[in-house]
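Visitor: Any chance you can model this:
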Amino acid sequence: MTIAAASPEFARVASSSGAVEILLTGASGFVGSALLPELLRDGHAVRAMTRDPARLRGGAAGTVRGDVPVLRADAVTGEGLRSALAGVEVAYYLIHSMEPTAGGAGFEEREQTAARNFAGAARAAGVRRIVYLGGLVPRWEPAGGRARRSRHLASREAVEGVLLEAVPDSLALRASIVIGARSRSFRLLVRLVERMPVLALPAWQRYRTQPIDERDIVAMLRHAAASPIAGQVLEVGGPDVLSYGQMLERIAEAMLVGRPALRLRVRMTGIAGRVAAAIASERPELVLPLMEGLQGDLLARDDHAAERLGVSLHSFDSAVEHALAEWERAEPLAAR
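Guide: Okay, here's the model as predicted:
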């Protein structure tokens, strides 16, 4: 992959003092709440954007420090974006939503609307860089045909395109499943291992991916604020290539439980998604789009992104142990 250099304008901003004015969206989310203290540690001036400031200050997991300004804005309606982005040099766009709405709009429509509103407001405000975290997209089916994008992954890719087109020095990272105590995908896998005496694995269990440690993706996002790499999409993955079936087995080993596996030859995405949601106490409309993405391997096309961003990667087993230990500090796991 050819990596473009940042424009002279952004290069001057990034090198002038090492610190930049940053807007962080998704500050209460899994990745955003882990990224915030790292950006502050680097000396950046960070403000957080949310639709509900009270929730961000509510004292629960994911809330922000008292010295971080919290601005009310809504990317879907566009309300408050101009004020939130005023004077910002780098904006982190960590807004992902598969939640249903009262108006009946699908998550794809909401994500496109939010991305267009945010991109337009960022361009108008003179933002130098948008940093976006999206998802890996399928390569090729084993038979040689191109894998169909799921709604979830297609929406992420479309958002990525909108943001990079609006602000040319932007940087997008694509990652597969992130291993962390608050990662919804990881929590789903852990709940399945914890609550299913037999792991019934549909056909998608054979597909491979590169799960990545929460600490590593946060480090890459942190370095993206002032990286000379610009106008690019970096596909990032952990050092281990594993099938979903292997991931479940390794998680079971880390949890010290024996779980025999029943490997099925059919996908049963709709049924499996609803069953998995029920077992994990999740909402089907949140789990099904994730399951729809399991149509082929999700592997990084370029394994050098971590090196280019100066990040050393943790193994899958190390990531799981770290995530489970952090999880257990907040709540017990029955299987452990």
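
Visitor: can we go C-alpha only for contacts and neighbour counts from here?
Guide: Will do.

Visitor: mind checking the backbone torsions on the most centrally placed residue in the chain?
Guide: Among the residues of the chain, the smallest C-alpha distance to the mean C-alpha position (C-alpha atoms, centre = their mean) belongs to residue 133, namely 5.3 Å. Backbone dihedrals for residue 133, given as degrees, to the nearest 10, come out at phi -110, psi 110.

Visitor: Okay, and the beta partners of the nearest residue to it once chain neighbours are set aside?
Guide: In space, and not counting its chain neighbours, residue 133 is closest to residue 173: 4.9 Å by C-alpha to C-alpha, 6 or more residues apart in numbering. For residue 173, the beta-bridge partners under DSSP bridges are residue 133, residue 234.

Visitor: one step back: my guess is the residue nearest to the centre of the chain contacts residue 93, does it?
Guide: Yes. When contacts are counted by C-alpha atoms under 8 Å, residue 133 is listed as touching residue 93 (7.3 Å).

Visitor: list the contacts for the residue nearest to residue 133?
Guide: Contact criterion C-alpha atoms under 8 Å, 6 or more residues apart in numbering gives 131-135, 221, 233-236 as the residues in contact with residue 173.

Visitor: Could you rerun that using 7 Å?
Guide: By C-alpha atoms under 7 Å, 6 or more residues apart in numbering, the contact set of residue 173 is 132-134, 233-236.

Visitor: For PyMOL, write the selection for the buried entries among the residues you listed.
Guide: With 16 or more other C-alpha atoms under 10 Å as the burial test, the buried ones among the contacts of residue 173 are selected in PyMOL as follows:
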select buried, resi 132+133+134+233+234+235+236
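
Visitor: And the contacts of residue 173, which two are furthest apart?
Guide: Longest distance between any two of the contacts of residue 173 is 12.7 Å, between 132 and 236; criterion C-alpha to C-alpha.

Visitor: circling back: quick one: which of the contacts of residue 173 is nearest to residue 308?
Guide: Distances from residue 308 to those, taken as C-alpha to C-alpha, are shortest for residue 234 (9.8 Å).

Visitor: in terms of contact, does that closest one touch residue 174 like I think?
Guide: Yes. Between residue 234 and residue 174 there is a contact under C-alpha atoms under 7 Å: 6.1 Å.
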